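K.L.:
Starting from these lines, generate the structure:
(chains A and B)
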There are 2 protein chains.
Amino acid sequence: MILLDGKKTSLEIRQELKEKIKAYMAKGHRAPGLAVILVGDDPASQVYVRNKEKACADVGIVSKSFRLSADISQQELESLIQKLNKESEIDGILLQLPLPKGLDSQRCLELISPDKDVDGFHPQNVGKLMLGLPGFRSCTPAGIMTLLQRYNLDPAGKKAVVIGRSNIVGKPLALLLLQANATVTVCHSRTKDLTKEVLDADFVFAAVGRAKFVKADMVKPGAVIVDVGINRTEQGLVGDCDFEALKEKALAITPVPGGVGPMTIAQLLVNTFGAYKQHLDL
Amino acid sequence: MILLDGKKTSLEIRQELKEKIKAYMAKGHRAPGLAVILVGDDPASQVYVRNKEKACADVGIVSKSFRLSADISQQELESLIQKLNKESEIDGILLQLPLPKGLDSQRCLELISPDKDVDGFHPQNVGKLMLGLPGFRSCTPAGIMTLLQRYNLDPAGKKAVVIGRSNIVGKPLALLLLQANATVTVCHSRTKDLTKEVLDADFVFAAVGRAKFVKADMVKPGAVIVDVGINRTEQGLVGDCDFEALKEKALAITPVPGGVGPMTIAQLLVNTFGAYKQHLDL
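P.N.:
Purely as a prediction, here's the structure:
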């Protein structure tokens, strides 16, 4: 069994990025800049933001954080985004979700300039992903594709099943897999015979948000299993897949934690560096 | 066997639209306007454009046609689009594809103002389709969904297989089916066992562009079959499905011609009317 080590792979990517950024700065360019907006005091969001800031610092991206009170108005938040859209040293703008009640996150996401939308959430970047045009890709699905590439696991001509149809994982992942020439099935809560679908798959992607949802008897021997779930349970962080039961059966599998999570952050850094290069060329 | 009569259904939709437009105009509003741009003299494109103009006239949409020589420059074409973006009596802009060689169609499509993009090809509208947000839907997939609705054929909880993964049919159709709660598989040229996939489907959508590609032994009895293909053969216009062989087996099937084609045009009119209503509210 191959352990798809997202932590190790993301460190490799970060090391590569660090050197590229160093080379740019050695030529006299400014450092890449990422603005991080955190509204309110959701503890999980605070952890995520801190991890992203650390990852930025590590590779040489200057992160500029905006920690705002939960009672900020929609208009104030929008003004901040518009100001950051114009700032020339800011390459990417990250709005940590979810926003506190009363704030319209979709409106805010659409306000972020598409060329600074390093999360890949703006409809224009989502559209470009579907169309196969250059643009920022949503970090989790793009990070997963990179992880598979680094382990030489090519889904071309294979059967891939994505469980979950969210806007940030399931749907964009299905489109990226399709572009990589997989035959793709998307399953969800309304799927009638989930086990039958998953049993058929060479590649299984679980993004359901339910602890140990995918069991050993649902997966065919030799499948590649990517677990996108992070569920907080009494036993600690647990994925959507029953790792212990699946690891003997799978050709390859991601652990939780240390699988998809670190790849998502690495992709954010890659996207920010991409925005930086584009902005330098302007 | 239910014949999914796109011609009849599209006439019903056109009749409904005609009355809605009449009611708006009776209140003193201007007529809806559609600009149609045709570059060069591709015979098929000329037929398509003429059909769209006729359909517009029939429901009370004023169509304004721009027939341009194949040697027009990219810049001239872009200037025309920009001019039409600003014209207040133009609600929708349709750029008939394909463009002659040397012209960059993607650049032109992205230049059309998203609020006049009645073909639903702008990345912003494509992204909104994926995200399930309001926006213009690509006409062929949206027309197909309407046809199924009008015949009370609900794909929710059913297994749908889309053959073909184009940007204008396969991928957006898969996303609309997913939104309608189907379990969706997208197959294409790299799919290993196409027959196995299709045999499993309650709903089959063929958009491959190969005459009579889907044969009777590929489809399970009682399936709903939607044929998106239009292939010019010595026997005349033929779909991607072997209609004669399939009609006895299927619960419902679209004919070619008279199935999906007229629904595509009806959806263009619906989209143009939607743009018109939005513009009146501005």
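K.L.:
so which helix or strand takes in residue A:41?
P.N.:
Remark: residue A:41 resides in no helix or strand, with elements defined by DSSP states H and E.
K.L.:
So what's the residue count around it?
P.N.:
Applying other Cβ atoms under 10 Å in any protein chain shown, we find 11 other residues in the vicinity of residue A:41. (Each C-beta comes from the backbone N, C-alpha and C, glycine too.)
K.L.:
same deal with residue A:47?
P.N.:
In terms of burial, residue A:47 registers 10 neighbours under the definition other Cβ under 10 Å.
K.L.:
Can you verify it is assigned to a helix?
P.N.:
Yes. The assignment for residue A:47 is a helix, going by DSSP: H, G, I helix; E, B strand; the rest coil.
K.L.:
any idea how far it is from residue A:31?
P.N.:
To residue A:31, residue A:47 is 25 Å away according to Cβ to Cβ, to the nearest Å.
K.L.:
One more: residue A:236?
P.N.:
Distance from residue A:236 to residue A:31, counting by Cβ to Cβ: 36 Å.
K.L.:
So the two - more neighbours on which side?
P.N.:
Shown here are residue A:236 and residue A:31; by other Cβ under 10 Å, residue A:31 has more neighbours (16 against 9).
K.L.:
Find the nearest non-adjacent residue to the residue nearest the centre of chain A, please.
P.N.:
Nearest residue to the geometric centre of chain A (Cα atoms, centre = their mean): residue A:140, 2.0 Å. For residue A:140, ignoring the flanking residues on the chain, the nearest one in space by Cβ to Cβ, 6 or more residues apart in numbering or on different chains is residue A:264 at 4.7 Å.
K.L.:
Thought residue A:138 was touching the one you found, still the case?
P.N.:
No. The pair residue A:264 and residue A:138 fails to qualify as a contact (Cβ atoms under 8 Å) at a distance of 9.2 Å.
K.L.:
quick one on the thing from earlier: am I right that the residue nearest to residue A:140 sits in a helix?
P.N.:
Yes. Counting by three-state DSSP, residue A:264 is located in a helix.
K.L.:
where does it sit relative to residue A:141, distance-wise?
P.N.:
Counting by Cβ to Cβ, the gap from residue A:264 to residue A:141 is 9 Å.
K.L.:
repeat for residue A:254
P.N.:
Distance check for residue A:254 against residue A:141: by Cβ to Cβ, it reads 14 Å.
K.L.:
Ok, residue A:266 next?
P.N.:
When residue A:266 is compared with residue A:141 (using Cβ to Cβ), they lie 13 Å apart.
K.L.:
and the stretch 101-250 of chain A, which of its residues are near chain B?
P.N.:
Near chain B, the residues belonging to the stretch 101-250 of chain A are A:106, A:122-133, A:135, A:156-159, A:165, A:167, A:171-172, A:174-175, A:178, A:181-188, A:190-192, A:197 when assessed by Cβ under 8 Å from any Cβ of the partner chain.
K.L.:
Please check those residues and keep the buried ones.
P.N.:
Restricting those to buried positions leaves A:122-131, A:135, A:158-159, A:165, A:171-172, A:174-175, A:178, A:181-188, A:191, A:197, with burial counted as 16 or more other Cβ atoms under 10 Å in any protein chain shown.
K.L.:
Can you show me the helices along the stretch 151-282 of chain A?
P.N.:
With DSSP state H, counting those that start in this stretch as the criterion, the stretch 151-282 of chain A has helices at A:170-179, A:194-199, A:243-246, A:260-281.
K.L.:
Of those, which is nearest residue B:20?
P.N.:
Closest to residue B:20 of the helices of the stretch 151-282 of chain A, according to Cβ to Cβ: helix A:170-179, at 32.6 Å.
K.L.:
and that closest one, what does it pack onto?
P.N.:
Helix A:170-179 is packed against helix A:123-131, helix A:139-150, strand A:159-163, strand A:183-187, strand A:203-206, helix B:123-131, helix B:170-179, with contacts defined by 3 or more Cβ pairs under 8 Å, 6 or more residues apart in numbering or on different chains; DSSP states H and E.
K.L.:
so how far is stretch A:192-203 off the chain centroid?
P.N.:
Averaging C-alpha coordinates over stretch A:192-203 and over its chain gives two centres that are 24 Å apart (Cα atoms, centre = their mean, to the nearest Å).
K.L.:
Keeping just the C-alphas, turn that stretch into CSV.
P.N.:
Once side chains and other backbone atoms are set aside, the C-alpha atoms of stretch A:192-203 remain, and they are given as CSV (Å, rounded to 0.1, in the frame of the first residue of the first chain):
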residue,chain,number,x,y,z
LYS,A,192,-29.6,5.1,-4.8
ASP,A,193,-26.9,2.4,-4.7
LEU,A,194,-23.8,4.1,-3.5
THR,A,195,-21.9,0.9,-2.7
LYS,A,196,-22.5,-0.4,-6.3
GLU,A,197,-21.1,2.9,-7.7
VAL,A,198,-18.0,3.0,-5.4
LEU,A,199,-17.2,-0.7,-5.9
ASP,A,200,-16.8,0.0,-9.6
ALA,A,201,-14.2,2.8,-9.1
ASP,A,202,-10.5,2.7,-9.7
PHE,A,203,-10.2,6.1,-7.9
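K.L.:
Give me the contact list for it.
P.N.:
By Cβ atoms under 8 Å, 6 or more residues apart in numbering or on different chains, the residues outside stretch A:192-203 that reach it are A:148, A:153, A:155, A:158-161, A:163, A:177, A:182, A:185, A:187, A:191, A:204, A:214, A:217-220, A:222-224, A:226, B:157-159, B:183.
K.L.:
if we go to 6 Å?
P.N.:
Residues outside stretch A:192-203 that contact it (Cβ atoms under 6 Å, 6 or more residues apart in numbering or on different chains) are A:155, A:158-161, A:185, A:187, A:204, A:218, A:220, A:223-224, B:157.
K.L.:
which one among the residues you listed gets closest to residue B:1?
P.N.:
Among those, residue B:157 lies closest to residue B:1 (Cβ to Cβ), at 22.7 Å.
K.L.:
And that closest one, how far from chain A?
P.N.:
5 Å (Cβ to the nearest Cβ, to the nearest Å).
K.L.:
For that residue, list the residues it contacts.
P.N.:
Listed by Cβ under 6 Å, 6+ apart, the contact set of residue B:157 reads A:190, A:192.
K.L.:
Surely residue A:85 is in contact with residue A:114?
P.N.:
No. Between residue A:85 and residue A:114 no contact is recorded; they are 10.0 Å apart, counting by Cβ atoms under 6 Å.
K.L.:
higher neighbour count, these two?
P.N.:
Between residue A:85 and residue A:114, residue A:114 has the larger neighbour count (other Cβ under 10 Å), namely 19 against 16.
K.L.:
which ones are touching the more buried one?
P.N.:
With contacts defined as Cβ under 6 Å, 6+ apart, the neighbours of residue A:114 are A:122, A:124, A:125.
K.L.:
ok, and the closest non-adjacent residue to the first one?
P.N.:
This points to residue A:122. In this structure, residue A:122 finds its nearest non-sequential neighbour in residue A:114, 4.8 Å apart by Cβ to Cβ, 6+ apart.
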